[in-house]
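*Asks:* fold the following and give me the result.
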Amino acid sequence: MYLLEGALESANVTRWILDRDAPQLPSGLSAKERTHAYEVSVVDEFYRLGQRSFERRGLAAMWERPILSGRRGRPESIDIALFDEAAGIETRLEFGIYTQSKLKDDSEKLAKLAGSALSGYPQTEGFVLLWTETTSLPNSGVELARASTKFSAAAAKVTSTTVTHLATSAIDLFSSDLDKPRMATVAVFQVTP
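*Replies:* Numbers count the residues shown, from 1 in each chain. Purely as a prediction, here's the structure:
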């Protein structure tokens, strides 16, 4: 959870710095409408922030891990894969901005690809890490409890595989406007085929 929260914060601050004082866009277009972190930026930050943690735990990490099938064309890929050689486990992580369809699609993808284990890693486990960004702050945990209930209910709606909501957390995000707070709520789901 802390790596995802850190990745969200870092991606948001970096985007704000890069967009600040940029030349004006053509009439009719506004970058102000793009307030959420790009998924690929968050995955990259998670990967970079996690490197030392992964290594200390004896895990090899791979970003955009291809699932080779022998078919022509670009293979399917997993956002991040962690390889525990000692235990023979490959942990697969999918990321994204929360929607019910994103949770369902990523869960089904992880379940479908569970059988594509590498030699030496007979066991795979899958997790979906999702987030939402809002312009309000939590009210003494009430919103966080509601979000947790919403995520648990969403997990239960995925019927093609078993999805378990493991945890929900929230952080304040950087905002250059004092009167416009921002918050990210993150959730972790385990996928069991």
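
*Asks:* show me the strands in this protein, by range?
*Replies:* 59-67, 76-84, 89-97, 123-134, 162-173, 182-192 (DSSP state E).

*Asks:* relative to Y38, which of those is closest?
*Replies:* Smallest distance to Y38 across the strands of the chain (C-beta to C-beta): 9.4 Å, for strand 89-97. (C-beta placed from N, C-alpha, C; glycine too.)

*Asks:* save the strands of the chain as JSON lines, and put in mean pLDDT and distance to A154 too.
*Replies:* Shown next, in JSON lines, are the strands of the chain (pLDDT from 0 to 100; distance: least, C-beta to C-beta, whole Å):
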{"stretch": "strand 59-67", "mean pLDDT": "94", "distance to A154": "25"}
{"stretch": "strand 76-84", "mean pLDDT": "96", "distance to A154": "19"}
{"stretch": "strand 89-97", "mean pLDDT": "96", "distance to A154": "13"}
{"stretch": "strand 123-134", "mean pLDDT": "93", "distance to A154": "9"}
{"stretch": "strand 162-173", "mean pLDDT": "91", "distance to A154": "8"}
{"stretch": "strand 182-192", "mean pLDDT": "91", "distance to A154": "9"}
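
*Asks:* kindly reformat those strands as CSV and extend each row with distance to P26.
*Replies:* What follows is the strands of the chain, written out as CSV (distance: least, C-beta to C-beta, whole Å):
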stretch, distance to P26
strand 59-67, 33
strand 76-84, 33
strand 89-97, 26
strand 123-134, 26
strand 162-173, 28
strand 182-192, 27
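
*Asks:* export the ones you listed as a markdown table, with columns for mean neighbour count and distance to Q51.
*Replies:* Converted to a markdown table, the strands of the chain look like this (neighbours: other C-beta atoms under 10 Å; distance: least, C-beta to C-beta, whole Å):
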| stretch | mean neighbour count | distance to Q51 |
| --- | --- | --- |
| strand 59-67 | 15 | 7 |
| strand 76-84 | 20 | 11 |
| strand 89-97 | 20 | 14 |
| strand 123-134 | 20 | 17 |
| strand 162-173 | 18 | 21 |
| strand 182-192 | 21 | 19 |
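
*Asks:* what's the closest of these to L3?
*Replies:* That would be strand 123-134 among these, by C-beta to C-beta, at 9.0 Å.
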